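1. Give me the fold of what follows.
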Amino acid sequence: LTTIYEHCMSLKERSSPNGVRIGIGGLTLMLLWCSELTSLTIGNWNNIGNSGATAIAQHCQYLTSLAIGASNALDGDGAKALAQHCKGLTSLTIGDENDIETDGAIAIAQNCQGLASLTIGACKIGSAGAV
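-> You can find the predicted model right below:
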């Protein structure tokens with residue numbers, strides 16, 4: 001276990017494949033062990049939800065690139081947590097069917113000023129959040 005932990009501590013990039021349903025416990029453990037991550041990709045259909053987004057926001061202070069795939073049960077509260085705590089992002093992708101809503105889109109626009117790349121799929125953000 002110590003060897004795995006030591007390996008994870010040096011990782012800068014991590015990705016989770018589609019449909020593995022990583023779970024909040026597994027995601028949090030990975031984030032605690034991989035505290036130096038600069039790039040994180042969560043595949044489609046992993047259902048991380050707002051709890052997962054909050055865990056990412058709390059434990060990934062060095063992230064510059066974040067991609068959350070489609071259908072991960074992310075909504076406005078999760079998007080706000082990410083925006084408020086991951087201000088160093090230069091690339092953000094949020095896939096389809098994550099309903100980040102207008103409030104989430106506005107939080108991203110207000111807090112993630114360094115974004116060079118922003119991709120938001122069909123996420124029900126409304127016209128006020130698209131401005």
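
2. Could you use CA atoms for every contact and neighbour count after this?
-> Will do.

3. What is the strand or helix carrying I24 packed up against?
-> Using DSSP states H and E, I24 maps to helix 23-33. Identification of packing neighbours for helix 23-33 by 3 or more C-alpha pairs under 8 Å, 6 or more residues apart in numbering; DSSP states H and E yields helix 2-9, helix 49-59.

4. least reliable of those helices going by mean pLDDT?
-> Ranked by mean pLDDT, the helices and strands packed on helix 23-33 end with helix 2-9 at the bottom, a mean of 63.

5. Direction included, what does whichever helix or strand comes after it pair up with?
-> Tracing the chain past helix 2-9, the next element assigned as helix or strand by DSSP H and E is strand 13-16. Under the criterion DSSP bridges, strand 13-16 sits next to strand 39-42 (parallel) in its sheet.

6. which residues are contacting the partner strand?
-> 12-18, 63-69 (C-alpha atoms under 8 Å, 6 or more residues apart in numbering).
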